[in-house]
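# coords below, sequence missing:
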Ligand SMILES: *Cc1c(COP(=O)(O)O)cnc(C)c1O
């Protein structure tokens, strides 16, 4: 335990950045901490990790309270039910999983009520997997039109959870597709989307080579879950 897992991930991120001619500062390491107890997050904070992403609202709220004394940056990365939005809008800096209009409307309502702008990523379903969330690539443009009308919601980029492949190289086409979709949206709407949230424990190096700006790492940092 200790800081070793973080140091190893950090080294691999640096090497992937070097290989692909990118700066280390361009890539944010997010600790995907679902199922991990608060004291482990505290340990990793002491090792230098600041950003954590949670998947379940209930579990997040508990850790949020337990770790209130630390200046953590919380993201929400899991599927989000509209009726839970009100519990998290004033606690997370970025929601990675905006994927439908009903959720957009709820975010707009709750953010406006608090006089804030909620920063989000639009999750894209690249593999056509029905069990996963995400907007289909073909519907992304029209979804963005709605997003741009919402004054309380600011889209900073795209996120994906591609289908699992034993060989991480086989995930590369999904990552490069997400990067191209981002470029298309930027061109279409004349805006800049700073973030691509892609890459997990087994494929983050490929994701960095393809332009990831946020990698979400769980297993490598915290060990296998339950
Ligand atoms: C669990 C999770 C991760 C991290 O997965 P690992 O394979 O454990 O690194 C990343 N993103 C999301 C959305 C997750 O739910």
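Cool, the structure landed. In this text, all values refer to a predicted model and were calculated from it rather than measured experimentally. Residues are numbered from 1 along each chain as shown.

# so, in contact with the ligand or not, the longest helix along the chain?
Criterion DSSP state H: the longest helix present in the chain is helix 172-189. No - judged by CB under 6 Å from any ligand atom, helix 172-189 makes no contact with the ligand; its nearest approach is 13.6 Å. Where C-beta positions appear, they are placed from N, C-alpha and C, glycine not excepted.

# Contacts only, for the residue of the chain found nearest the ligand.
Per CB to the nearest ligand atom, residue 218 is where the chain lies closest to the ligand, at 2.7 Å. For residue 218, the contacting residues are 31, 32, 33, 34, 36, 200, 201, 225, by CB atoms under 8 Å, 6 or more residues apart in numbering.

# Identify the farthest-apart pair in these.
36 and 200 (14.6 Å; CB to CB).

# Need the three-state assignment for the most centrally placed residue in the chain.
By CA atoms, centre = their mean, the chain has its centre lying nearest to residue 96, at 4.3 Å. Counting by DSSP: H, G, I helix; E, B strand; the rest coil, the backbone at residue 96 sits in strand.

# close enough to count as contact, it and residue 122?
No - the criterion here is CB atoms under 8 Å, and residue 96 misses it with residue 122 at 9.0 Å.

# Quickly list what's touching both of those two.
Common contact partners of residue 96 and residue 122 (CB under 8 Å, 6+ apart): residue 159.

# picking that back up, list, out of the contacts of residue 218, those positioned next to the ligand.
Applying CB under 6 Å from any ligand atom to the contacts of residue 218, those adjacent to the ligand are 32, 34, 200, 201.

# check contacts around the residue nearest to the second one when sequence neighbours are not counted.
In other words, residue 34. Leaving out its chain neighbours, the residue that sits closest to residue 34 by CB to CB, 6 or more residues apart in numbering is residue 55, at 4.2 Å. Residue 55 sits next to 32, 34, 76, 77, 78, 79 when contact means CB under 8 Å, 6+ apart.

# and if we set it to 7 Å?
34, 77, 78 (CB atoms under 7 Å, 6 or more residues apart in numbering).

# what does residue 172 give?
Residue 172 makes contact with 206, 210, according to CB under 7 Å, 6+ apart.

# What does the pLDDT read for the closest residue to residue 24 other than its chain neighbours?
Sequence neighbours aside, residue 17 is the residue nearest to residue 24 in space, at 5.1 Å (criterion: CB to CB, 6+ apart). Note on residue 17: pLDDT of 98.

# Can you name every helix or strand that the strand or helix carrying residue 17 contacts?
In this structure, residue 17 sits in helix 4-19 according to DSSP states H and E. Judged by 3 or more CB pairs under 7 Å, 6 or more residues apart in numbering; DSSP states H and E, the packing partners of helix 4-19 are helix 204-209, helix 219-222.

# For residue 105, which residues are in contact?
Residue 105 touches nothing, counting by CB under 7 Å, 6+ apart.

# Phi first, then psi, for it.
Recorded main-chain torsions at residue 105 are phi -60, psi -40, according to degrees, to the nearest 10.
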